[in-house]
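Trainee: Need coordinates for the following:
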Amino acid sequence: MTDTTQEALPALSPAERRTMRRLERRELHRSRSLSASIALAATALAVLAPGALVLAERAGIAIPGLALPGSAEVDAVAAQGSPAGIGIAIAALVLGLVLLGLALTRGRRARHALERDGVVVIAEDRVIAAALSRAAARAARSTPDRARTLVSRGSAHVALRTQPGYRLDAAAAKEGAAALVDALRPKGRLRVTAKEEHA
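Mentor: Numbering: from 1, shown residues only. Predicted structure coming up:
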């Protein structure tokens, strides 16, 4: 009699692997429609350009014949007080760069892909955090409400809240949470840290 409970999954074709990677990418990243990206990029450039022109003028770099709508008003504000005007221009420049970056990059969802053969498994970070909190509390011989976990892209931080006069074993909590991370097998590295917080 042969044991068939551990049958190997059939090998995936290259097309199936590509499809799985595409599905995983879709679930991990927030899609931005073309119209939203264009609107965000246009707003970023509208904020970025006058600030860049004012900074160029203040630096003594004159761009002959280049004047954007609204740059005269921004320049008038900048001319009233040199430090305040430069501050406004720098703020506009930074805001424009941030908006431009948001328009061009994909939004990352708070999720992790887990290593599984033949299937795509995605777990939300808050679900992973709750499981890690329970595992850490159990390992530290505490109740689950005494552990709080924050999961980010590459790390999981476990905080153990102690009562006065009572200590929890942060090293055991870290080992318990790390063992669960090893069992979950998230794609990419998920580093676990644990510390005590006094109530």
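Trainee: all strands for this structure, in order.
Mentor: For the chain, the strands defined by DSSP state E occupy 29-30, 107-108, 111-114, 121-124, 147-151, 155-162, 191-198.
Trainee: and among those, the most buried is which?
Mentor: strand 147-151 (a mean of 22; mean count of other CB atoms under 10 Å). (C-beta placed from N, C-alpha, C; glycine too.)
Trainee: Okay, now the sheet partners of it, with direction.
Mentor: strand 155-162 (antiparallel) (DSSP bridges).
Trainee: Output the strand it pairs with as CSV, restricted to C-alpha atoms.
Mentor: C-alpha atoms of strand 155-162 as CSV (Å, rounded to 0.1, in the frame of the first residue of the first chain):
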residue,chain,number,x,y,z
SER,A,155,10.1,43.6,9.4
ALA,A,156,7.8,42.6,12.2
HIS,A,157,8.1,44.5,15.5
VAL,A,158,6.5,42.8,18.6
ALA,A,159,5.9,44.9,21.7
LEU,A,160,5.1,43.1,24.9
ARG,A,161,3.3,45.2,27.5
THR,A,162,4.3,44.2,31.0
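Trainee: centre of the chain versus that strand, how much separation?
Mentor: Counting by CA atoms, centre = their mean, to the nearest Å, strand 155-162 is centred 19 Å from the centre of its parent chain.
Trainee: Helix or strand with the lowest mean pLDDT in the protein?
Mentor: Lowest mean confidence among the helices and strands of the chain (mean pLDDT, DSSP states H and E): helix 71-80, at a mean of 61.
Trainee: quick one on the thing from earlier: Leu23 is nearest to which of the strands of the chain?
Mentor: With CB to CB as the measure, strand 121-124 is the member of these nearest Leu23 (8.9 Å).
Trainee: Name the strands paired with that closest one and say parallel or antiparallel.
Mentor: Short version: by DSSP bridges, strand 121-124 pairs with strand 111-114 (antiparallel).
Trainee: which outside residues touch the partner strand?
Mentor: 24, 27-28, 120-125, 128, 151, 184-188, 190 (CB atoms under 8 Å, 6 or more residues apart in numbering).
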